[in-house]
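**Q** here is a sequence with its predicted model. Questions after.
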Amino acid sequence: MSEKKVPPVFKKEDLFGKSRSTLITGVLRPDKKRIDIWYDETGTIRAAGPDTARDHRSEADIILDGTEFLAMPGLVNAHTHAAMTLLRGYADDMHLQQWLSEKIWPLEAHLTGDHVYWGTRLACLEMIRSGTVAFNDMYFFMKDAARAVEESGIRAVLSHGIITFGDEEKLEAELKATADLVSHVKSLNNPGIKPAIAPHAPYTVPPGHLEICAEYSENEKIIIHTHLAETKQEVDDCQKAHGMTPAALLDKAGCLTKRTVAAHGCWLSEEDCRLLGERGSFIVHNPVSNMKLATGRAMPYHWLMEQGANVCLGTDGCSSNNNLDMYEEMKTAALCQKFYWNSDTVLPAAEALSMGTSRGSAALGYHGGEIKEGMSADIVLISLKHPSMVPLHNPVSNIVYSANGSAVDTVICQGKILMYNSYIPDEEEIIAGASGSAGDLLQRAGTGA
């Protein structure tokens, strides 16, 4: 990377951890136009255009040379279980229910807050390295996850996964955990970290309990994060038990709103897609996880788009993906749709890119996803010398179809530099801590502790 023009008062390490007035000069946009980007110490983009350097150079504390880079908005992972990085590769190539009941759930029973902290630190590290600046997370011990997120400098919407199976005492405990998390996140006074309520799915949380979750979301004005229509079995079971689809059940319970972010949607009907479009809810495509777990059908993206629904993108957890690379997810989403629906024009590269950036940012309620005046400075610089970016006939096609996380050089979130010239502070410490934590989790499971 060309050496950044950094005032002598700053050492390399001083670039990290604090938003300073910064000018990025001569960077390429996805439309192949050269611009300068200037953002202030609040982490807000104040100007982005061909004359920005001329007009604002004197106001910048830091000047970054962007001539060898392409600038794009930071990626947003709209559905994951971040701490499951510790389960990466632990159980693969199994039937779904066997995988869950024999491997994943028994191991998760031994999780502690410390495991979730280190698993989330590792997830944040991986996401930053591959250009992701925000994610939507559902798991356990989420106050520990919040600590990891805050230390990483990334954005996140955090929720405690609620599973009740109709048990009133369980519901009370889950709502208490959610309220505790909401209170804790608010106390952090960090605009990059938000709480959500997360009824796991219509098949694990019955209608009456879903209604309570909907009311809580409305009262607190927070996101509802859930799973929806991932498998044919859950759709068939819901039809049999309630006479309606899972999407219709969520809607009847008040859980389909503009604040709803629902993952998967593989088995949505055309009527379900219409409902999601009318309610303004967000549905998250998780193609790698769904293909690996053989859910049997691709999300009906074309129906959702016809109904004006909001479709974004996520990786799911590392136990079923097995990485958090959103470049890989964008490509797989486009290919999965074309292959399953036998249409070579469905989900073109530009739409896949918007799913991973502006649509995801809208789903999580962040003022980002675009590089323009007034937006949050969530910026990724991709090396134009990376093999996947050469030649550059169509930058958007290169981003979606040929690049992966290794092409990312610099990552900026809310104006804070999180990765510079492929360097992330504390990376070795995080990897060592996560490795040790994964070993401890296996040991606890093996001894029954």
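**A** Received the coordinates, thanks.
**Q** before we move on, what SS does the spatially most central residue of the chain have?
**A** For the chain, residue 77 is the residue whose C-alpha lies nearest the centre (Cα atoms, centre = their mean; 1.6 Å). Of the three states, residue 77 takes strand under DSSP: H, G, I helix; E, B strand; the rest coil.
**Q** my guess is it meets residue 135, correct?
**A** Yes - counting by Cβ atoms under 8 Å, residue 135 is a contact partner of residue 77 at 4.0 Å. All C-beta atoms are positioned from the backbone trio N, CA, C, and that covers glycine.
**Q** what do these two both touch?
**A** When contacts are counted by Cβ atoms under 8 Å, 6 or more residues apart in numbering, residue 77 and residue 135 are jointly contacted by 127, 314.
**Q** if we can go back for a sec, list the contacts of the residue nearest to the centre of the chain.
**A** Contacts of residue 77 (Cβ under 8 Å, 6+ apart): 127, 132, 134, 135, 136, 313, 314, 315, 324, 326, 329, 360.
**Q** same thing but 10 Å
**A** Residues near residue 77 by Cβ atoms under 10 Å, 6 or more residues apart in numbering: 123, 127, 130, 132-137, 154, 156, 284, 286, 312-316, 324-326, 329, 356, 360, 364.
**Q** the stretch 51-200 of the chain: helices as residue ranges?
**A** Taking DSSP state H, counting those that start in this stretch as the test, the helices found in the stretch 51-200 of the chain are 52-56, 96-98, 105-108, 113-129, 142-152, 168-188.
**Q** from the contact counts, what lies against the fifth one?
**A** Using 3 or more Cβ pairs under 10 Å, 6 or more residues apart in numbering; DSSP states H and E as the contact test, the elements touching helix 142-152 are helix 113-129, strand 132-139, strand 155-162, helix 168-188, strand 193-199, helix 427-447.
**Q** tell me which of these approaches residue 351 most closely.
**A** Comparing the helices and strands packed on helix 142-152 by their distance to residue 351 (Cβ to Cβ), the top pick is strand 132-139, with 18.6 Å.
**Q** can I get that closest one as PDB, trimmed to CA atoms?
**A** Written as PDB, here are the backbone C-alpha positions of strand 132-139 (Å, rounded to 0.1, in the frame of the first residue of the first chain):
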ATOM      1  CA  THR A 132     -17.500  -6.100   7.600                       C
ATOM      2  CA  VAL A 133     -18.300  -3.100   9.900                       C
ATOM      3  CA  ALA A 134     -21.600  -4.200  11.400                       C
ATOM      4  CA  PHE A 135     -23.500  -7.400  12.300                       C
ATOM      5  CA  ASN A 136     -26.700  -8.600  13.800                       C
ATOM      6  CA  ASP A 137     -26.100 -11.200  16.500                       C
ATOM      7  CA  MET A 138     -28.300 -13.600  18.400                       C
ATOM      8  CA  TYR A 139     -26.700 -15.900  21.100                       C
END
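**Q** just the angle between it and strand 155-162, please?
**A** If you take axes from the mean of the first three to the mean of the last three Cα atoms, to 10 degrees, strand 132-139 sits at 10 degrees to strand 155-162.
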